[in-house]
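[1] coordinates only, sequence not included:
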């Protein structure tokens, strides 16, 4: 009996680690080079530069496009050396942080209101409050600056410091690739932060910014191949906003010997979806766990390696579904893939 049970569990474990089958559910031809995809309010939001393309989640039909580059009310501006704009569809609205402003739209893109903010700040909804991704002094001397998380009120005023990363952004910055993950996500009344500087660790906070607990796991370190360094250097030489300054960045770049244990994380509907740096070709391990860190299963999702400062996020997880945009070069379209996790 024990042999049969162990055999069953082993087979079940192997099955859960197989890549999940992706289903093509839609073809989009309204955009050419998307930077991110977000799901919320019953819609899919695809960002391309300052344009937001809106699709119904129920049938994937195109609804509208909004967003215009500029300084005026409702207009948006991208930081050329930052990641994509922060697009947060929640609470029946769309909150967009672009360079120097936080703009609020209806769920289908009608302009409502905007606030002037620090050009390097990004905001994300957290119940009746907000989380602000900003900067803070690295240490007491105040000369070096790192990315940090703050609690913010309904008027987007920064308050309590919640977490400091080791991602340097000040004048003396140095980047050690692959960068230590630092990513916040909220689910209900909890904030979850990848505490990458502590290994495989995720910190949970309440709505007052008080740390509730830390999820920690043992992990086997994965050595970084020599090709990673080559590909990262190629990225800096080719990226439009970085290639002219490659020599400047080159002197500030170093490389780790091992990958950080966590690549990215999503918190949604009482679950955590933790993507690791364990790769099988273009498939990436995803550990599915509850909010306390109890593992439910492991699967592989089509999230390939990334290099340099490529923050394009062509995938998202919502309501236990994985959504990914995949380019069809021959047809000059983008396909929406969907996987039930």
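    Received, thanks. Keep in mind that this is a model prediction, so the values were computed, not measured. Numbers count the residues shown, from 1 in each chain.

[2] residue 235: what secondary structure?
    Secondary structure state of residue 235, per DSSP: H, G, I helix; E, B strand; the rest coil, is helix.

[3] buried residues, the strand or helix carrying residue 88. List them.
    Element membership for residue 88 (DSSP states H and E) is strand 86-90. If you call a residue buried by 16 or more other Cβ atoms under 10 Å, then strand 86-90 has these buried ones: 86, 87, 88, 89. C-beta here means a position set from N, CA and C on the backbone, and glycine is covered the same way.

[4] with stretch 278-286 instead?
    Buried residues in stretch 278-286, counted by 16+ other Cβ under 10 Å: 278, 279, 283, 284, 285, 286.

[5] and the residues you listed, which is closest to residue 267?
    Taking Cβ to Cβ as the measure, residue 267 lies nearest residue 286 of these, at 13.3 Å.

[6] quick check: the closest one touching residue 299?
    Yes: under the criterion of Cβ atoms under 8 Å, residue 286 is in contact with residue 299, at a separation of 5.2 Å.

[7] overlap in contacts of these two?
    residue 341 (Cβ atoms under 8 Å, 6 or more residues apart in numbering).

[8] name the residues that touch the strand holding residue 88?
    Outside of strand 86-90, the residues that reach it under the criterion Cβ under 8 Å, 6+ apart are 36, 38-41, 43, 45, 47, 52, 94-97, 107, 122-125, 133.

[9] any idea which helix or strand comes after that strand?
    strand 93-98.

[10] sorry, back to before: tell me the angle the strand holding residue 88 makes with strand 93-98.
    Put simply, strand 86-90 runs at 170 degrees to strand 93-98, going by axes from the mean of the first three to the mean of the last three Cα atoms, to 10 degrees.

[11] what bridges to residue 313?
    Each beta-bridge partner of residue 313 is listed here: residue 36, as defined by DSSP bridges.

[12] and it, what pLDDT?
    Looking at residue 313, its pLDDT is 82.

[13] okay, now it: neighbour count?
    Neighbouring residues of residue 313 were enumerated by other Cβ atoms under 10 Å; the total is 19.

[14] hmm, it is touching residue 34, no?
    No: using Cβ under 8 Å, residue 313 is not in contact with residue 34, being 9.3 Å away.

[15] and residue 116, how far is that from residue 99?
    Residue 116 sits at a distance of 11 Å from residue 99 (criterion: Cβ to Cβ, to the nearest Å).

[16] between those two, who's got more neighbours?
    Set side by side, residue 116 and residue 99 show more neighbours around residue 99, with 17 against 9, by other Cβ under 10 Å.

[17] tell me how far that one lies from residue 240.
    Distance check for residue 99 against residue 240: by Cβ to Cβ, it reads 17 Å.

[18] just residue 214 next, same as before
    To residue 240, residue 214 is 39 Å away according to Cβ to Cβ.

[19] more neighbours: those two, which one.
    Neighbours of residue 214 and residue 240, each counted by other Cβ under 10 Å, are more numerous for residue 214; the result is 13 against 7.

[20] the more buried one touches residue 193, doesn't it?
    No: in this structure, residue 214 is not within contact of residue 193 by Cβ under 8 Å, at 9.8 Å.

[21] intersection of neighbour lists for these two?
    Among the neighbours of residue 214, those also in contact with residue 193 (Cβ under 8 Å, 6+ apart) are 202, 203.

[22] which parts of the stretch 101-250 of the chain are strands?
    Ranges of strands within the stretch 101-250 of the chain are 101-106, 111-116, 122-126, 129-137, 145-152, 158-168, 175-177, 184-187, 190-194, 201-205, 211-216, based on DSSP state E, counting those that start in this stretch.

[23] of all these, which one is nearest residue 223?
    The minimum distance between residue 223 and the strands of the stretch 101-250 of the chain falls on strand 175-177, with 14.1 Å, by Cβ to Cβ.

[24] right, and the helix or strand after the worst-scoring helix or strand of the chain on mean pLDDT?
    Lowest mean confidence among the helices and strands of the chain (mean pLDDT, DSSP states H and E): helix 2-16, at a mean of 37. Helices and strands here follow DSSP H and E; after helix 2-16, the next one along the chain is strand 23-28.

[25] how far does that following strand sit from the chain's center?
    Counting by Cα atoms, centre = their mean, to the nearest Å, strand 23-28 is centred 22 Å from the centre of its parent chain.

[26] swap in stretch 53-73?
    Distance of stretch 53-73 from the chain centroid (Cα atoms, centre = their mean) equals 20 Å.

[27] same check on stretch 158-171?
    Per Cα atoms, centre = their mean, the centroid offset for stretch 158-171 relative to its chain is 17 Å.

[28] residues of it that come out buried?
    158, 162, 163, 164, 165, 167, 168, 169.

[29] report the two of those residues separated the most.
    158 and 168 (19.9 Å).

[30] picking that back up, wait, which of the buried residues of strand 86-90 is closest to residue 185?
    Distance to residue 185 across these (Cβ to Cβ) is lowest for residue 88, with 10.6 Å.

[31] tell me how far residue 161 lies from residue 134.
    Relative to residue 134, residue 161 is positioned 9 Å away (criterion: Cβ to Cβ).
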